[in-house]
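Colleague: I would like to see how this sequence folds:
(chains A and B, ligands or ions: 1)
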Amino acid sequence: MSRIKGCFAALKAENKKALIPFVTAGDPNPAVTVPLMHAMVEAGADLLELGVPFSDPMAEGPTIQKACERALEHGTSLHDVLAMVSEFRQTNSTTPVVLMGYMNPVEIMGYQAFATAAAEAGVDGLLTVDMPPEEASDLVAILKTVEIAPIFLLAPTTVDARIAKICAEASGFVYYVSLKGVTGAANLDVAAVEQKVMQIRHHTDTPIGVGFGIRDADTAQRVAAVADAVVVGSAVVNRVADNAESPEKINEAVASLLREMRVAMDAGPPKVGWMAKIFGTGK
Amino acid sequence: MSSEVADLPDASGHFGVYGGRFVAETLIEPLDELTAAYERLKNDAEFQAELDKDLADYVGRPSPLYFAERWSKQLGGAKIYLKREDLNHTGAHKVNNTIGQALLAKHLGKTRIIAETGAGQHGVASATVAARLGLECVVYMGAEDVKRQALNVYRMKLLGAEVVPVESGSKTLKDALNEAMRDWVTNVDNTFYIIGTVAGPHPYPMLVRDFQAIIGREAKQQIMTAEGRLPDALIACVGGGSNAIGLFHPFIEDSDVAMYGVEAAGDGVDTPRHAAPLCAGRPGVLHGNRTYLVEDDNGQIIETHSISAGLDYPGVGPEHAWLKDIGRANYVAVTDDEALKAFHDLTKIEGIMPALESSHALAYATKLAPTMRKDQIIIVNLSGRGDKDIHTVAGLEGISV
Ligand SMILES: Cc1ncc(COP(=O)(O)O)c(C=O)c1O
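Modeller: Residues are numbered from 1 along each chain as shown, chains lettered A, B, ... in the order given. Below is the predicted model:
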């Protein structure tokens, strides 16, 4: 069984939801990343999303844009990111790692070269923000030969027929982008997310992760109540950014956020939510 | 040339391996909606009549095809005709496209327009059509370009647009495009994104080309009237490639007509300071399409350089990438210095002050014309007028105006 499948199966057996933090590799410098990955796992992360820095991160808000700029100041390349995953795998062979980024670094490396190197490094999934399934067939075919899961996005604007089509091609998990906007936006509407997740659930048994706009224990708890996985990006990267000048503080700053989220998520759905469900909202 | 070449893109927006739709999932539905609306309206007589009327009465089309007799004589070769897009309302070819897209926005019921701009010409053309239709307009412009194109920034503000300086990345056109995409993905319900060139995700490269193809259709008729035959060569500058494809496209099946797209060589294509993806770049994916890019070995986009803000872009429209690969069009590059010389020459010899972008096309004409016979014909796309560049040119000569 693949690491991603194993991870979700184990969580399901315990009736828990996956906590998936995102950090940009090489932010604020390359030496920080691997120790931070281990620290996140220790703090309760189930799966890691590792951002591949790109010069033109079209779908990111200011927080992750700046993380890319910091990482690129050190020239962090896709090759470097794969080396970080290899290093991480020396002592962790169970936590799935998904690379998240944009097409162009993969294009330049070449699909086959990337797939081979990524599999060797111990990468479990690839999520490229600017690669909808229509453009992905060549890459997906190659990824499948090395058992790397192509992770596809679904959005609030994705119509039902398309949800069905994407879910049919999905593996690992599907990633629902919770809002119309860029990463780090603050307009999360949990009720709307719940509705859409139910719509997606109708089409697939693949676990559903939700990301964009989850910033603290409260939002993590509320989203975990309706999805299989909670992806936390800008909130984590903000902790990195806050400590960019004193990197030795980064691990704890990120870990404390993840521990709060872990506790809140494992406590189950928010009490108020259940009360409202049982007794109605009074409207 | 087979008609298949002129029939591209295919249904999914590809020109060979180029083009396509490399965007965040949120934008797929609005792009589908735009494609469907465009496919419906482009064959709608009423829409076409509305467009034609605007192009005639508001833009001032057809633009003249002018025989630059004195300049041709001095160069001592082919006869050079200039397609006078500089005489359009707002001073460049950009308005041909913004008029068309604004009409689409109106038909889609969008109330807010966003645009990216480099030189500011597309921003001005977008602000202009937004003013006329009473739509809100936000223009994203790299902070560097805001500085070098102060005049156009002020023009946009006078027209009622909000100009947002973009501070991320290299602070130029590519970053303005990123920021416009971020705005669009956030405000997709009420916002229409008017892309200013033949780049971006499908259907933009197709629809911008179709709106700009009026340039080539007119030029073809005009040269038949003036000379009774087709030209031997077409020359146009290539930033994103909209004025070039506008001129080229109606001639694609006329295989005896040579086509030259002129990129910005900046300090030289063998230096790190240029903006010539077709001449000195390689294929990759950026801004929603696969095309030639100026990029490093790791797939990071490299900061480009050109004296002309409108050519200072690391990518190029996918149809040009395709025309290059199949050999139908030739792509060459001209340095800052060569473009500047052409700027001064045309101003002094013909009394026409060209945009620095267009000066690249003119500079290549000064190389090509002398190699041709006196009875041969070149059409150069004079894509815009040079008023906006006076500060840049004066600054280089140590003069402040
Ligand atoms: C006068 C003029 N010509 C050319 C260009 C380059 O754009 P394109 O290659 O899309 O025609 C610009 C862009 O701002 C321009 O203002």
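Colleague: go ahead and confirm residue B:124 touches residue B:88.
Modeller: No: with contacts counted by CB atoms under 8 Å, residue B:124 stays clear of residue B:88, the gap being 11.3 Å. All C-beta atoms are positioned from the backbone trio N, CA, C, and that covers glycine.
Colleague: of these two, which one has the most company?
Modeller: Using other CB atoms under 10 Å in any protein chain shown, the more surrounded residue of residue B:124 and residue B:88 is residue B:124, with 28 against 24.
Colleague: let's see the one helix or strand residue B:359 maps to as PDB, backbone CA atoms only.
Modeller: Assigned by DSSP states H and E, residue B:359 belongs to helix B:356-368. Extracted in PDB, the C-alpha atoms of helix B:356-368 (Å, rounded to 0.1, in the frame of the first residue of the first chain):
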ATOM      1  CA  LEU B 356      10.000  52.200 -28.900                       C
ATOM      2  CA  GLU B 357       8.300  48.800 -29.300                       C
ATOM      3  CA  SER B 358       7.500  49.500 -33.000                       C
ATOM      4  CA  SER B 359      11.100  50.900 -33.400                       C
ATOM      5  CA  HIS B 360      12.300  47.400 -33.100                       C
ATOM      6  CA  ALA B 361      10.300  46.400 -36.200                       C
ATOM      7  CA  LEU B 362      11.600  49.400 -38.000                       C
ATOM      8  CA  ALA B 363      15.200  48.600 -37.100                       C
ATOM      9  CA  TYR B 364      14.900  45.200 -38.600                       C
ATOM     10  CA  ALA B 365      13.400  46.800 -41.800                       C
ATOM     11  CA  THR B 366      16.600  48.800 -42.100                       C
ATOM     12  CA  LYS B 367      18.600  45.500 -42.200                       C
ATOM     13  CA  LEU B 368      16.200  43.600 -44.500                       C
END
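Colleague: from the chain's centre, how far out does the helix or strand that it is followed by sit?
Modeller: Using DSSP H and E, the helix or strand that follows helix B:356-368 in sequence is strand B:377-382. In terms of CA atoms, centre = their mean, to the nearest Å, the centre of strand B:377-382 is set 15 Å apart from its chain centre.
Colleague: next, the angle from strand B:377-382 to helix B:356-368.
Modeller: 160 degrees (axes from the mean of the first three to the mean of the last three CA atoms, to 10 degrees).
Colleague: can you spell out which helices and strands pack onto strand B:377-382?
Modeller: Applying 3 or more CB pairs under 8 Å, 6 or more residues apart in numbering or on different chains; DSSP states H and E, one finds that strand B:377-382 contacts strand B:79-84, helix B:214-227, strand B:233-237, helix B:242-248, helix B:356-368.
Colleague: next, format those as JSON lines and append distance to the ligand.
Modeller: Converted to JSON lines, the helices and strands packed on strand B:377-382 look like this (distance: least, CB to the nearest ligand atom, whole Å):
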{"stretch": "strand B:79-84", "distance to the ligand": "12"}
{"stretch": "helix B:214-227", "distance to the ligand": "10"}
{"stretch": "strand B:233-237", "distance to the ligand": "5"}
{"stretch": "helix B:242-248", "distance to the ligand": "3"}
{"stretch": "helix B:356-368", "distance to the ligand": "3"}
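Colleague: give the buried residues for the helix or strand where residue A:10 lies.
Modeller: Using DSSP H and E, the element containing residue A:10 is helix A:3-13. For helix A:3-13, burial by neighbour count (16 or more other CB atoms under 10 Å in any protein chain shown) applies to A:3-5, A:7-8, A:11.
Colleague: could I get that helix in PDB with only the CA atoms?
Modeller: Extracted in PDB, the C-alpha atoms of helix A:3-13 (Å, rounded to 0.1, in the frame of the first residue of the first chain):
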ATOM      1  CA  ARG A   3       2.300   5.700   2.100                       C
ATOM      2  CA  ILE A   4      -0.600   8.100   1.400                       C
ATOM      3  CA  LYS A   5      -3.200   5.300   1.300                       C
ATOM      4  CA  GLY A   6      -1.700   3.800   4.500                       C
ATOM      5  CA  CYS A   7      -1.700   7.100   6.200                       C
ATOM      6  CA  PHE A   8      -5.400   7.800   5.500                       C
ATOM      7  CA  ALA A   9      -6.400   4.200   6.400                       C
ATOM      8  CA  ALA A  10      -4.600   4.400   9.700                       C
ATOM      9  CA  LEU A  11      -6.300   7.700  10.600                       C
ATOM     10  CA  LYS A  12      -9.700   6.300   9.600                       C
ATOM     11  CA  ALA A  13      -9.200   3.300  11.900                       C
END
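Colleague: so which other helices or strands are in contact with the helix or strand following that helix?
Modeller: Under the assignment DSSP H and E, the closest C-terminal helix or strand after helix A:3-13 is strand A:18-24. Applying 3+ CB pairs under 8 Å, 6+ apart, we find strand A:18-24 packed against helix A:3-13, helix A:30-42, strand A:48-51, helix A:62-73, strand A:208-211, strand A:229-232, helix A:234-242, helix A:250-266.
Colleague: let's have these in a markdown table, adding mean pLDDT and distance to residue A:187.
Modeller: Converted to a markdown table, the helices and strands packed on strand A:18-24 look like this (pLDDT from 0 to 100; distance: least, CB to CB, whole Å):
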| stretch | mean pLDDT | distance to residue A:187 |
| --- | --- | --- |
| helix A:3-13 | 97 | 28 |
| helix A:30-42 | 98 | 26 |
| strand A:48-51 | 98 | 22 |
| helix A:62-73 | 96 | 15 |
| strand A:208-211 | 97 | 14 |
| strand A:229-232 | 98 | 16 |
| helix A:234-242 | 97 | 13 |
| helix A:250-266 | 98 | 20 |
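Colleague: and these: which comes nearest residue B:302?
Modeller: Judged by CB to CB, the one of the helices and strands packed on strand A:18-24 that comes nearest to residue B:302 is helix A:62-73, at 11.5 Å.
Colleague: check which residues of that closest one are buried.
Modeller: Result for helix A:62-73 [16+ other CB under 10 Å]: buried residues A:63-72.
Colleague: among those residues, which two are most distant?
Modeller: Farthest pair in the buried residues of helix A:62-73, by CB to CB: A:63 and A:72, 15.3 Å.
Colleague: ok, the residue nearest the centre of chain B - contacts?
Modeller: With distances taken as CA atoms, centre = their mean, residue B:242 lies nearest the centre of chain B, 3.3 Å away. By CB atoms under 8 Å, 6 or more residues apart in numbering or on different chains, the contact set of residue B:242 is B:93-94, B:97, B:196-198, B:208-209, B:212, B:317.
Colleague: among these, which are in helices?
Modeller: B:94, B:97, B:208-209, B:212 (DSSP state H).
Colleague: other SSEs contacting the longest strand along chain B?
Modeller: Scanning chain B for the longest strand, with DSSP state E as the assignment, gives strand B:258-266. Identification of packing neighbours for strand B:258-266 by 3+ CB pairs under 8 Å, 6+ apart yields strand B:233-237, helix B:242-248, helix B:277-280, helix B:318-325, strand B:330-335, helix B:336-350, helix B:356-368.
Colleague: all set now, cheers.
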